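J.: Give the three-dimensional model of this entry:
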Amino acid sequence: MSTKVNRRQKIRYRIRKKSVGSAQKPRLSVFRSNSDIYVQLIDDANGVTLAAASSRDKDIQAQKGTKSEKSKLVGAALATKAVNLGITTCIFDRGGYLYHGRVKSVADGAREGGLQF
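T.: Predicted structure coming up:
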């Protein structure tokens with residue numbers, strides 16, 4: 001494995017040690033691939049995904065724009081799903097990625113959609 005991947009994995013474990021999601025305050029987990037971005041709200045107490053959104057969803061994939069712009073839409077889509085479930089607060093888990101670019105766009109979109117973290 002490359003050192004870059006190992007570094008991200010260590011950061012991921014360090015973040016996960018501190019942040020645990022519950023049904024009232026789930027963990028907003030971000031996964032970023034080269035082409036797409038995936039986010040989900042996870043209840044770690046029960047090991048259940050409460051809501052999920054990604055840039056591969058039909059309505060987001062149809063949009064034109066950069067990956068960062070699409071990431072903002074993904075964050076907003078997850079926030080609407082969360083608000084419909086009655087979830088207003090969450091813990092942001094950047095998954096070892098720097099809080100910059102697409103990860104920051106997801107967070108901004110989620111905040112604008114009504115989530116607080």
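J.: what separates stretch 92-104 from the chain centre, distance-wise?
T.: Between the centre of stretch 92-104 and the centre of its host chain there is 8 Å, according to CA atoms, centre = their mean, to the nearest Å.
J.: Compute the first-to-last residue distance for it.
T.: For stretch 92-104, the first and last residues are 11 Å from each other (CA to CA, to the nearest Å).
J.: Also stretch 108-117?
T.: End to end - CA to CA - stretch 108-117 spans 11 Å.
J.: now do stretch 59-67
T.: 14 Å.
J.: How about stretch 25-35?
T.: Span of stretch 25-35 from end to end, CA to CA: 29 Å.
J.: What average pLDDT does that stretch get?
T.: In this model, stretch 25-35 has an average pLDDT of 95.
J.: Could you do stretch 54-74 as well?
T.: For stretch 54-74, mean pLDDT rounds to 94.
J.: go on, stretch 81-91?
T.: For stretch 81-91, mean pLDDT rounds to 94.
J.: Name the residues of that stretch that are buried.
T.: Residues of stretch 81-91 classed as buried: 81, 82, 87, 90, 91 (neighbour count, 16 or more other CB atoms under 10 Å). C-betas here are computed from N, CA, C, even on glycine.
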